[in-house]
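Q: what's the 3D shape of this:
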Amino acid sequence: MNLPNRLSLVRIALIPVFVTLFFMGCFGFPYLRFAALGVFLLACLTDFLDGYIARKRKIVTDLGKFLDTNADKMLVVCAFFAFVADVYLFSTSYWITVAISVTAMLIVCRELVISFFKAMASDKGVTLSPDMIGRIKMFVQVFCLFFLIPVGDIAALNQTAADVFLYIGLSLLAVAAVLTVVSAVKYIVKNRNVLKTVPKKPENNPDTSDNSSGSEPQN
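A: Next up is the predicted model:
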């Protein structure tokens with residue numbers, strides 16, 4: 001297994017570490033949300049490194065594409081749902097819970113739709129490449145979580161600073177939700193030829209065997 005794929009596996013392995021630290025912080029262990037943020041940023045760094053190394057060394061593989069893409073989605077979705085649980089358990093701001101829950105649902109649904117779409121393309125021998133808006137969407141999601149993850153620990157130090165982080169994060173969340181939908185629609189429209197039915201080649205009729213007598217078939 002090459003280095004980029006190992007980095008993707010490291011990113012996946014860091015997810016339970018992030019979740020554990022985050023929830024320990026939620027249940028009273030001081031400043032572990034900051035530690036969780038550090039793990040989250042480390043995981044994001046592996047995302048940058050595995051792609052950079054794979055392109056530089058020209059060792060891009062199908063396994064690498066699979067691991068890289070799914071590791072990113074697993075990390076982001078787990079982080080969103082962890083924050084949803086934090087808000088639900090320790091806050092009365094139900095609208096924030098709903099907003100983040102809906103965004104997480106959009107992300108999951110978007111990835112399921114795109115995965116099915118790619119599977120259709122693969123069955124037809126078509127290779128689809130990611131577009132720029134998808135990359136921007138992912139960047140905004142990560143940047144949004146950078147502000148949301150440490151809000152609880154920041155509140156213990158300075159409530160005003162926590163409010164600033166929260167509202168910046170929620171603003172980015174709205175942008176991320178829009179980009180999630182737009183990127184999915186744009187991706188499908190751009191590659192809409194995949195949805196067209198490919199005509200099947202005519203099959204030989206087994207009933208029309210060679211006429212051993214050499215006579216022509218009767219009308």
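Q: Pass me the low-pLDDT residue ranges in the protein, would you?
A: The model of the chain has pLDDT under 70 over residues 90-92, 197-219.
Q: How many residues are close by residue 177?
A: 22 (other C-beta atoms under 10 Å). Using the backbone N, CA and C atoms, a C-beta is placed for each residue, glycine as well.
Q: same deal with residue 73?
A: Residues lying near residue 73 (other C-beta under 10 Å) number 17.
Q: what residue lies at the spatial centre of this protein?
A: residue 73 (2.7 Å; C-alpha atoms, centre = their mean).
Q: How many residues are close by the nearest residue to it once chain neighbours are set aside?
A: Distances taken as C-beta to C-beta, 6 or more residues apart in numbering place residue 111 nearest to residue 73, at 5.2 Å, with adjacent residues excluded. Counted with other C-beta under 10 Å, residues neighbouring residue 111 total 19.
Q: With residue 56 instead?
A: Counted with other C-beta under 10 Å, residues neighbouring residue 56 total 9.
Q: secondary structure class for it?
A: Here residue 56 is helix, with the state taken from DSSP: H, G, I helix; E, B strand; the rest coil.
Q: Tell me if I'm right that the residue nearest to the centre of the chain and residue 104 touch.
A: No: with contact defined as C-beta atoms under 8 Å, residue 73 does not count as touching residue 104 (11.0 Å).
Q: I'd like the next helix or strand past the helix or strand encompassing residue 117.
A: Using DSSP states H and E, residue 117 maps to helix 94-123. Counting by DSSP H and E, the next helix or strand C-terminal to helix 94-123 is helix 132-148.
Q: Show me the contact partners of that next one.
A: By C-beta atoms under 8 Å, 6 or more residues apart in numbering, the residues outside helix 132-148 that reach it are 37, 40-41, 44, 72, 76, 79-80, 83, 100, 107, 165-166, 168-170, 172-173, 175-176, 179-180, 182-183, 186-187.
Q: buried ones in stretch 31-51?
A: By neighbour count on 16 or more other C-beta atoms under 10 Å, the buried set for stretch 31-51 is 32-33, 35-37, 39-40, 43-44, 46-47, 49-51.
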